[in-house]
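J.: got a structure for you, letters missing:
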């Protein structure tokens with residue numbers, strides 16, 4: 001009985017999901033590198049492996065060098081310390097609760113949160129000075145979006161606005 005060929009439905013979506021798994025987690029990247037080195041150990045060339053997995057040739061060559069010099073653990077991602085956070089986990093949790101409320105609850109005259117207001121709030125509440133851009137990143141990381149109220153011409157009516165749109 002002949003074997004049927006197997007195909008993956010939605011191959012592009014599945015390929016993107018696999019790439020996300022490989023690139024999104026340190027252990028995924030490590031196992032991917034091990035797999036590439038296994039192919040090379042079985043006789044594939046560096047160029048063939050790089051082309052097959054759409055990786056830069058120099059990167060594959062660097063992985064081979066690291067493997068040869070330091071063993072399998074050299075293929076793991078190095079720890080990336082980065083800059084330590086200026087707000088601790090408790091402060092971030094409190095900040096999330098603050099953002100869920102109106103700024104007016106904290107005696108601000110503005111009716112919505114934005115980067116400059118959040119920077120001022122963090123500085124007055126926690127004594128931590130952050131730039132506006134960093135505060136905008138905090139909004140996104142906590143699951144909030146920056147919304148700005150739409151301004152309308154003073155004294156305009158719905159009918160006047162619709163008539164104006166139609167004339168454009």
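T.: Great, that's in hand. Model, not experiment: these values are computed from the prediction.
J.: now the strands for the protein?
T.: Counting by DSSP state E, no segments of the chain form strands.
J.: Can you tell me the centre-most residue of this protein?
T.: Nearest to the mean C-alpha position of the chain, by C-alpha atoms, centre = their mean, lies residue 141 at 8.9 Å.
J.: for this protein, which helix is longest?
T.: Looking across the chain with DSSP state H, the single longest helix is helix 26-41.
J.: buried ones in that helix?
T.: By 16 or more other C-beta atoms under 10 Å, the buried positions in helix 26-41 come out as 29-30, 32-33, 36-37, 40. All C-beta atoms are positioned from the backbone trio N, CA, C, and that covers glycine.
J.: What about the spatially closest residue to residue 126 that is not a sequence neighbour, how many residues nearby?
T.: For residue 126, ignoring the flanking residues on the chain, the nearest one in space by C-beta to C-beta, 6 or more residues apart in numbering is residue 91 at 5.7 Å. Residues lying near residue 91 (other C-beta atoms under 10 Å) number 15.
J.: roughly how far apart are residue 91 and residue 75?
T.: Going from residue 91 to residue 75 by C-beta to C-beta, to the nearest Å gives 37 Å.
J.: Give me the neighbour count for residue 51.
T.: The burial count for residue 51: 13, using other C-beta under 10 Å.
J.: per-residue confidence at it?
T.: The model reports residue 51 with a pLDDT of 94.
J.: And for residue 80?
T.: Looking at residue 80, the pLDDT reads 68.
J.: and residue 64, what does it touch?
T.: By C-beta atoms under 8 Å, 6 or more residues apart in numbering, the residues touching residue 64 are 37, 40, 46.
J.: could you redo the last one with a cut-off of 10 Å?
T.: By C-beta atoms under 10 Å, 6 or more residues apart in numbering, the residues touching residue 64 are 36-37, 40-41, 46, 49, 75.
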